[in-house]
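Colleague: 3D, please:
(one chain, ligands or ions: 4)
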Amino acid sequence: MEMITLNEKMLGIMKTKPAYGAELVEVDVPNPKEGEVLIKVLATSICGTDLHIYEWNEWAQSRIKPPQIMGHEVAGEVVEVGPGVHNLKIGDYISAETHIVCGECYQCRTGNYHVCQNTKIFGVDSDGVFAEYAIVPAQNAWKNPKNIPPEYATLQEPLGNAVDTVLAGSVASKTVLITGAGPLGLLGITVAKASGASLVIVSEPSEFRRNLAKKVGADVVINPMEEDVVREVKDLTNGNGVDVFLEFSGAPRALEQGLQAVTPAGRVSLLGLFPKEVTFDINNLVIFKALEIHGITGRHLWQTWYTVSNLLKSGKLNLDPVITHKYKGFDKFEEAFELMRAGKTGKVVFIP
Ligand SMILES: NC(=O)C1=CN([C@@H]2O[C@H](COP(=O)(O)OP(=O)(O)OC[C@H]3O[C@@H](n4cnc5c(N)ncnc54)[C@H](O)[C@@H]3O)[C@@H](O)[C@H]2O)C=CC1
Ligand SMILES: CC(=O)[C@H](N)C(=O)O
Ligand SMILES: [Zn+2]
Ligand SMILES: [Zn+2]
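Modeller: Ligands and ions are numbered 1, 2, ... in the order given. Presented below is the predicted three-dimensional model:
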């Protein structure tokens, strides 16, 4: 087992300044403090939030404090254990929940850790995992079975977002509309199919991503820029509309179409984050349809991680088409981010 001597150096993708982009920098390998472990990063993947930080949008400017190592999706091996850590040992193969919760607020004390009032997110509020080594709070570690490849294990965090969106209720035998086939929507498709959905319809303007959606398992794909989504959905469901609407795009038009396309008394999960306030006919699209609506954020701790792990172990998740880009090392990180910005990727994975 490789032991890290103090003050060794490592490469990492750092948001070095409050501006567009990032830099590949050489920094000291960090030392784990009380309650922390140091991991050797085996795989790490880019999230849409990382793209917001890279592009330095309004949300990022309000939240991120450069200089800071980016990234929060990871699979790695424990190489050093900090003081007071008893649940992990050197050699453990782990991934990590990104929300660092307080355990003391009303939400934590009532089992709703995913909406802890004092949530901190590593890679957002502290140094992240786009590096050769990274610090992970021991309380956030998830032990992986050895037979899950790192490029799959790093996807457990976003898979958790997809699981909480799809499985906010049962989809077995149900008809489902997914709007948005970005990395998360693609994961949503395979979770819905693995969970027994009878028909998965996907609305996505990008041809590249519609093709990916088909490869992942969508039964029908629709281009909302050229086709009437609501009419198509009604035709596919005997005029009733879908049982379940899963919003993964953050596009106001998609939200409205989905609310029109879901059947009365149907279920809606909203994961996509909208660029600004959204207005729509709530009386006729929600209230008189008696819809069940779920706002989705983060992952239920820790039941969502068990669901994700069981789905991975089942072999029913079709992840290979979702992982469109795998980079050895971090050298080409700018290419990776630009491709993602152009919507020309599914999940992008770095293998340091
Ligand atoms: N609630 C939460 O805890 C989290 C929410 N998110 C949000 O989830 C959403 C999905 O994440 P990613 O897949 O990474 O985002 P992404 O931005 O890569 O994918 C969104 C997809 O929606 C598509 N789209 C745009 N307009 C559309 C329309 N009118 N109809 C259908 N599709 C349309 C885009 O072409 C794109 O492929 C994003 O809004 C992201 O900010 C991400 C992480 C956590
Ligand atoms: C902030 C994030 O992007 C993260 N994936 C989350 O689930 O909160
Ligand atoms: Zn994320
Ligand atoms: Zn809390």
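
Colleague: so Tyr152, which state does it fall into?
Modeller: Secondary structure assignment for Tyr152 (DSSP: H, G, I helix; E, B strand; the rest coil): helix.

Colleague: thought it was touching Leu312?
Modeller: Yes. In this structure, Tyr152 is within contact of Leu312 by Cβ atoms under 8 Å, at 6.2 Å. C-beta: built from backbone N, CA, C; applies to glycine.

Colleague: show me what the worst-scoring helix or strand of the chain on mean pLDDT is in contact with.
Modeller: The helix or strand with the lowest mean pLDDT-type score in the chain, counting by mean pLDDT, DSSP states H and E, is helix 58-63 (a mean of 91). Outside of helix 58-63, the residues within contact range by Cβ atoms under 8 Å, 6 or more residues apart in numbering are Pro18, His52, Ile53, Val124, Asp125.

Colleague: drop anything exposed from those.
Modeller: Those of the contacts of helix 58-63 that meet the buried threshold are His52, Ile53, Val124, by 16 or more other Cβ atoms under 10 Å.

Colleague: could those go into a markdown table alongside secondary structure, distance to ligand 4 and pLDDT?
Modeller: Rendered in a markdown table, the data for those read as follows (DSSP: H, G, I helix; E, B strand; the rest coil; distance: Cβ to the ion, whole Å; pLDDT from 0 to 100):
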| residue | secondary structure | distance to ligand 4 | pLDDT |
| --- | --- | --- | --- |
| His52 | helix | 24 | 92 |
| Ile53 | helix | 24 | 95 |
| Val124 | coil | 16 | 96 |
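
Colleague: how close does the closest residue to ligand 4 within the stretch 201-350 of the chain sit to Val163?
Modeller: Of all residues in the stretch 201-350 of the chain, Leu301 sits closest to ligand 4, at 10.5 Å by Cβ to the ion. Here the criterion is Cβ to Cβ, to the nearest Å. By it, Leu301 lies 13 Å from Val163.

Colleague: tell me which of those two has more neighbours.
Modeller: Neighbours of Leu301 and Val163, each counted by other Cβ atoms under 10 Å, are more numerous for Val163; the result is 27 against 19.

Colleague: what comes up buried for the least confident helix or strand of the chain?
Modeller: Ala60.

Colleague: how far off centre is it?
Modeller: Taking the mean of its C-alpha atoms, helix 58-63 sits 19 Å from the chain's own mean (Cα atoms, centre = their mean, to the nearest Å).

Colleague: of all the buried ones among the contacts of helix 58-63, which comes closest to ligand 1?
Modeller: In terms of Cβ to the nearest ligand atom, no member of the buried ones among the contacts of helix 58-63 lies closer to ligand 1 than His52, at 7.3 Å.

Colleague: need the contact list for that closest one.
Modeller: Contacts of His52 were listed using Cβ under 8 Å, 6+ apart, and they are Trp59, Ala60.

Colleague: over to Val230?
Modeller: For Val230, the set of contacting residues under the criterion of Cβ under 8 Å, 6+ apart consists of Gln257, Gln260, Ala261.

Colleague: count of neighbours near Gly160?
Modeller: Neighbours of Gly160 under the rule other Cβ under 10 Å: 26.
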